[in-house]
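*Asks:* Give me a 3D structure for the following:
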Amino acid sequence: KRQVRQRSNRIEIGNVCMDLERLEHILHCGNAEACLWFFAGASEEERRRASKTVLESLRGIEQEWMYWHLVGGSECSTRRDARGVALLASCSLGELKHDRMHLLPNLDYAYKVLADRRPEWLEDFPDAVLAFSPGYWPLVRRIVRDSLCRKPESDIYITSMLCSTRSWRHDPQDKTLLAELQDDPELLDDEVWRLFEVEGNKACSLARHDNRSPPTQRWDQTLIVLSRDGRLSRERLLDASLEALARDFRPYRAAWFSRFHESLEPTDSERVQRTERYLALWSSCVPSTVAFAVRAVKYCDKISPDRGTILIESARSALKSTRKGTVKSVLTLLGRLARRSPGLRQTLVLTVAEGLSHKDTDVQEAIFHFLERYGDCDSNPSLAEAILPHRSNIAPSLRPRADTLLGVTPVSIEDRPGTPARDLSELSLIHI
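*Replies:* Got it, this is the predicted structure:
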C-alpha cells in the first residue's frame, strides 16, 4: 500500500516528495517555468495536497491582479503566471470558478499545465472558462484540437469563436480571418456551419462583429471567398442562411443572414429551386425577414410563375406584415396569379379580404383596389361574409367602398326612421 506521510512543509507520497517550502519560494520569485517543472508528472493526490499552499499564496493579492486583458497580454506579470500555473495545476474546477478565473496564466502555460495534468474535470473546463471570458477560446480550441477533451456542444463555444479571433482586436499585424481559418481547416467542417445555428448575444454575434470590422476580417466576406475557392459548399451556404432566418432570431441579428444570402448572388435557377423555402419565411415574426422573402418570391415569380395554392396559403401571414411596402408587394404577386389563373380568383379575394384587419389606411386602400378588380359579392357571397367582420376596422374614408362591394346603399339621416328632431328652443338650460 502507498503510504502517505506529511512532515512539516513536505508531502511524501510513496517515493515522491513535494517540497512545499520550495513551492512557496517559486511562487514568491514568480518563476512560472520552475512552477511547471515542480508539478510535472505529479499525481492528482499530490496536486490536491499542494492546493492549500497555493490558495494561501493568493490571499490579499487577488484584487491587485484584476486586469482588463484577460489572456496573453505582454503586460501580464511573471508573478501572476507563476501563481496561475500553480492554481491550474493543483486546484479543482470549483475552486477555479470561485472568483479565480482571472488569475489563470497565459495561454501557453495554461495549455502545458492541462496537457500534463489532464484532470477529470477537463471536459467541463471549456464552458466554464468561456463563460468567464470568450478570450480563452484559443486555449479551448487548442485542447479540443489536440483531443484533450471532446468538442463543446454549447452555444458559448461558437459565440466565443466570433469574439476571440485576433482580428477582433483590429491590429494591422494580425492575420486576416481567412488566414486564421486556413490555419485551422477543421473549423470549416463543423464550427463554421454552427455559426448559422447560434444567434449570439449583445456582445458576440455575426451582425455585431461584421458591422465593426474591416472587409478582410468580416465573416461574410471571408465565407464568400472560401465558397469561391471551393473550400465551402455554395449550395449549403445558401440553404444554411435560409435555415438561420427560419429560426426567427432578433431582427438586428437576423438581418445579417438575409444580407449574406444576397451577397452570395444566387442565380435564377438557385432562387427558383428555393422558392418554397422563401414562401415558408413569409410566416416569420421578423418584418425584415418577411420583406426579404417577399422580394425573393416576387423575383422567382417572373422567372417561373407556376405556383398557386402555396402562394395563397403563404400570403395569409404576409398580409399582416407591419411594413406596408411588403403587403403591397404581396398584393402585386396575388394580382399576377389572379390574371393568369382566373379559376383561383374566388379563393384569392377571400384571402385578401382577411387583410382588412390591417390598421394602415394605405394597405386597406390597396386591398379594396384588389377586391374591386377581382371580387364580386353577388357571384361570391362568401366575400361579403369575409368583409363584414372587418367593417368596423375599416377607415371611415374607405367605408363607402366597402358598402359598394357589399351592395349596401347608405341611408341618409333624413331618411332614417325615428323620433323627429326637437327644436332647440324647447330644451331647457341646465345650470351647473
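
*Asks:* Grab the nearest non-local neighbour of the spatially most central residue of the chain.
*Replies:* Centrality entry for the chain: nearest residue to the mean C-alpha point is Glu199, 1.3 Å, by C-alpha atoms, centre = their mean. Once its chain neighbours are removed from consideration, Glu199 has its nearest residue in Phe249; the separation is 4.4 Å (C-beta to C-beta, 6 or more residues apart in numbering). Bear in mind the C-beta positions are built from the backbone N, C-alpha and C, glycine included.

*Asks:* contacting residues around the residue nearest to the centre of the chain?
*Replies:* 155, 205, 247, 249-250, 253 (C-beta atoms under 8 Å, 6 or more residues apart in numbering).

*Asks:* Settle this for me: Pro251 is touching Ala291, isn't it.
*Replies:* No: using C-beta atoms under 8 Å, Pro251 is not in contact with Ala291, being 10.8 Å away.

*Asks:* Looking at the two, which has the bigger crowd around it?
*Replies:* Neighbour comparison, Pro251 and Ala291: the larger count goes to Ala291, with 20 against 13 (by other C-beta atoms under 10 Å).

*Asks:* picking up where we left off before, I'd assumed Cys285 was in contact with the residue nearest to Glu199.
*Replies:* No: distance between Phe249 and Cys285: 10.3 Å, which falls outside the contact criterion (C-beta under 8 Å).

*Asks:* between these two, which one's more packed in?
*Replies:* A count of neighbours by other C-beta under 10 Å puts Phe249 above the other of Phe249 and Cys285, at 22 against 10.

*Asks:* which pair in the contacts of Glu199 spans the largest distance?
*Replies:* Across the contacts of Glu199, no pair lies farther apart than Asp155 and Arg250, at 14.4 Å, counting by C-beta to C-beta.

*Asks:* Low-confidence ranges, the stretch 51-200 of the chain, go.
*Replies:* Low-confidence segments of the stretch 51-200 of the chain, defined by pLDDT under 70, are located at 60-78, 165-174.

*Asks:* Kindly report the same for the stretch 301-432 of the chain.
*Replies:* Regions of the stretch 301-432 of the chain meeting the criterion pLDDT under 70 cover residues 306-307, 408-432.

*Asks:* Can you show me the helices along it?
*Replies:* Applying DSSP state H, counting those that start in this stretch to the stretch 301-432 of the chain gives helices spanning 309-318, 324-340, 345-353, 361-374, 381-387, 399-406.

*Asks:* before we move on, the earlier item: could you dump the contacts of Glu199 to CSV with distance to Gln346 and secondary structure?
*Replies:* Listed next are those as CSV, based on distance: C-beta to C-beta, whole Å; DSSP: H, G, I helix; E, B strand; the rest coil:
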residue, distance to Gln346, secondary structure
Asp155, 48, helix
Ser205, 46, coil
Arg247, 36, coil
Phe249, 38, coil
Arg250, 39, coil
Arg253, 41, helix
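
*Asks:* Out of those, which is nearest to Pro305?
*Replies:* Among those, Arg247 lies closest to Pro305 (C-beta to C-beta), at 29.6 Å.

*Asks:* Can you say which helix or strand has the residue nearest to the closest one when sequence neighbours are not counted in it?
*Replies:* When the adjacent residues along the chain are set aside, Arg247 lies closest to Glu199, with 7.1 Å between them (C-beta to C-beta, 6+ apart). Of the helices and strands defined by DSSP states H and E, none includes Glu199.

*Asks:* now swap in the one 4 residues further on and tell me
*Replies:* In this assignment (DSSP H and E), Ala203 forms part of neither any helix nor any strand.

*Asks:* Quick one: residues contacting the spatially closest residue to it that is not a sequence neighbour.
*Replies:* By the measure of C-beta to C-beta, 6+ apart, the closest residue to Ala203 outside its immediate chain neighbours is Cys163, 6.6 Å from it. The contact partners of Cys163, by C-beta under 8 Å, 6+ apart, come to 134-135, 137, 203-204, 209.

*Asks:* now swap in Ser154 and tell me
*Replies:* Contact analysis of Ser154 by C-beta under 8 Å, 6+ apart lists 126-127, 130.

*Asks:* Go again with 7 Å.
*Replies:* Ser154 makes contacts with Asp127, as judged by C-beta atoms under 7 Å, 6 or more residues apart in numbering.

*Asks:* Phi first, then psi, for it.
*Replies:* Recorded main-chain torsions at Ser154 are phi -80, psi 160, according to degrees, to the nearest 10.

*Asks:* Trp345 - how many residues pack around it?
*Replies:* Not Trp; residue 345 is Arg. The local packing of Arg345 (other C-beta under 10 Å) involves 19 other residues.
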